[in-house]
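Asks: pasting the sequence and the predicted model now:
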Amino acid sequence: MDSQNPSAQAPAASRDEAKNHPSRGTSAGVVHDNTPHATHFTVVGNHLAQHEALSLTAIGLATHIQSLPSGSPVDIRSLARRFPEGTTRISAALRELEAHGYVRRNRERTAAGHVVTRTVSCNRPGHGAGRTGGHTAAGPRPRPEPPPPPRRRDTQEPLARRGDQRDAQAPRRREQREQREAQAPRRRAALPAVPQPAYPTPDLIQTAIGVLSGLRRTDPRLLISATDAEHLVPGVVTWLERDYTPDAVHRALTTTLPPEPLHRPAALLAHRLTAQLPPLPPFRPTRPATPHPLQNCDLCDRAYRAPQPGTCGSCATPSNSDTHSLLL
């Protein structure tokens with residue numbers, strides 16, 4: 001608000017708040033240092049500048065819109081590029097101004113058939129359709145009027161407009177999504193799970209890798225990648241732990257293969273390792289070793305265990321043998 005009306009009085013509520021404000025008596029009020037404008041100014045009513053129901057963001061945004069020439073873009077994205085408040089706060093401020101009549105947004109169809117939103121700025125809601133120029137000549141300033149009572153915002157119409165916009169953009173979004181899905185590489189399905197060994201020792205793992213790498217020699221269709229082999233190795237080790245030889249595992253995986261092409265040989269091998277898993281071998285307890293019989297030493301006559309009669313360990317040392325020979 002560039003020019004001030006000295007006859008304008010503050011609202012009664014503002015005067016009461018000023019009397020009861022805690023800072024009264026410790027700080028002075030505002031002092032205006034005004035310079036009259038001859039050009040490049042906009043007249044803004046006190047009913048907007050001192051509106052009790054509008055937020056400060058909405059009041060500032062309405063002032064900015066009224067100062068723009070006709071045809072200036074005032075959509076949310078254009079305002080967000082101009083101010084640092086962001087699209088969320090600017091959108092909320094526009095809804096406040098629309099609810100109190102300072103902004104009207106009408107949907108119109110152009111000659112080309114496109115539907116656009118036309119924004120109309122009202123410098124004095126409720127008094128005619130409003131001037132389209134946005135700039136008015138200086139004249140007698142009307143007395144400030146009490147702000148209109150806040151009216152309930154109609155949420156159905158904005159929601160309907162947003163729904164129409166989404167419906168209009170739905171075919172294009174569907175086409176873009178189909179293009180992305182066609183260009184994106186298809187993800188391969190995970191391989192079936194394979195049995196897990198109890199003790200995968202390094203020698204069993206190396207033997208299992210040899211079994212898998214040798215399958216292609218029997219059937220070239222069983223050529224698998226290193227990633228698939230890493231997934232199948234635990235299943236082959238499980239077979240080897242169950243007393244199956246590498247040749248037996250090789251025959252189980254290569255016998256009676258289907259005649260048609262194998263699109264995923266690793267999946268077929270994983271299925272066979274699981275479906276044809278042999279049972280655990282029977283439990284065979286280890287027998288303890290039979291101890292040697294007791295023998296009497298020929299020199300000291302002490303008892304000791306040995307497979308054949310002779311001398312005990314103490315008498316068999318070179319020092320004891322020399323001493324015994326000297327005694328004799």
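Replies: Structure's in. What do you need? Numbering: from 1, shown residues only.
Asks: tell me where the stretch 201-328 of the chain has helices.
Replies: 202-213, 215-218, 226-241, 246-254, 265-275, 318-327 (DSSP state H, counting those that start in this stretch).
Asks: looking at those helices, which is closest to residue 81?
Replies: Closest to residue 81 of the helices of the stretch 201-328 of the chain is helix 226-241 (C-beta to C-beta; 48.6 Å). All C-beta spots, glycine's among them, are computed from the backbone N, C-alpha and C.
Asks: other residues contacting the closest one?
Replies: If you take C-beta atoms under 8 Å, 6 or more residues apart in numbering as the criterion, helix 226-241 is touched by 191, 194-200, 204-205, 207-209, 211-213, 224, 246, 248-249, 252, 266, 269-270, 273-274, 277-278.
Asks: and it, average pLDDT?
Replies: The pLDDT scores in helix 226-241 average 93.
Asks: could you dump stretch 49-58 to PDB, C-alpha only?
Replies: This file holds the C-alpha atoms of stretch 49-58, laid out as PDB (Å, rounded to 0.1, in the frame of the first residue of the first chain):
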ATOM      1  CA  ALA A  49      -4.400  -4.700   4.000                       C
ATOM      2  CA  GLN A  50      -6.100  -5.000   7.400                       C
ATOM      3  CA  HIS A  51      -8.200  -8.100   6.700                       C
ATOM      4  CA  GLU A  52      -8.800 -10.000   9.900                       C
ATOM      5  CA  ALA A  53      -9.500 -13.500   8.400                       C
ATOM      6  CA  LEU A  54      -6.700 -13.600   5.700                       C
ATOM      7  CA  SER A  55      -3.100 -14.700   6.500                       C
ATOM      8  CA  LEU A  56      -0.200 -12.400   5.900                       C
ATOM      9  CA  THR A  57       0.900 -14.500   2.900                       C
ATOM     10  CA  ALA A  58      -2.600 -14.200   1.300                       C
END
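Asks: one step back: so which of the helices of the stretch 201-328 of the chain is nearest residue 126?
Replies: Short answer: helix 226-241, nearest of the helices of the stretch 201-328 of the chain by C-beta to C-beta, at 73.1 Å.
Asks: buried residues in that closest one, which are they?
Replies: For helix 226-241, the neighbour count (16 or more other C-beta atoms under 10 Å) marks 228-229, 231-241 as buried.
Asks: buried ones among the contacts of helix 226-241?
Replies: Buried subset of the contacts of helix 226-241 (neighbour count, 16+ other C-beta under 10 Å): 191, 194-195, 197, 200, 204-205, 207-209, 211-212, 224, 249, 266, 269-270, 273, 277.
Asks: okay, now residue 267: neighbour count?
Replies: Per other C-beta atoms under 10 Å, the neighbour tally for residue 267 reads 16.
Asks: pull the contacting residues for it.
Replies: For residue 267, the contact set (C-beta under 8 Å, 6+ apart) comprises 191-192.
Asks: confidence score at it?
Replies: 92.
Asks: quickly note the distance from it to residue 274.
Replies: 11 Å (C-beta to C-beta, to the nearest Å).
Asks: could you do residue 243 as well?
Replies: 19 Å.
Asks: likewise for residue 263?
Replies: To residue 274, residue 263 is 19 Å away according to C-beta to C-beta.
Asks: how near is residue 249 to residue 226?
Replies: Distance from residue 249 to residue 226, by C-beta to C-beta: 19 Å.
Asks: quick one: the helices in the stretch 1-150 of the chain?
Replies: Along the stretch 1-150 of the chain, the segments classed as helices by DSSP H, counting those that start in this stretch run 12-20, 46-49, 56-66, 76-82, 87-99.
Asks: average pLDDT for the second one, rounded please.
Replies: If I follow you right, that is helix 46-49. In this model, helix 46-49 has an average pLDDT of 89.
Asks: tell me which residues of it are tucked away?
Replies: Buried residues in helix 46-49, counted by 16+ other C-beta under 10 Å: 46-48.
Asks: measure stretch 91-111 end to end?
Replies: End-to-end distance of stretch 91-111 (C-alpha to C-alpha, to the nearest Å): 28 Å.
Asks: oh, that last question was meant for stretch 110-126, not what I typed.
Replies: Where stretch 110-126 begins and where it ends lie 28 Å apart, using C-alpha to C-alpha.
Asks: mean confidence score for that stretch?
Replies: pLDDT averaged over stretch 110-126 gives 84.
Asks: out of the helices of the stretch 1-150 of the chain, flag the one nearest residue 37.
Replies: Proximity to residue 37 (C-beta to C-beta) singles out helix 56-66 among these, at 14.6 Å.
Asks: relative orientation of that closest one and helix 87-99 in degrees?
Replies: If you take axes from the mean of the first three to the mean of the last three C-alpha atoms, to 10 degrees, helix 56-66 sits at 70 degrees to helix 87-99.
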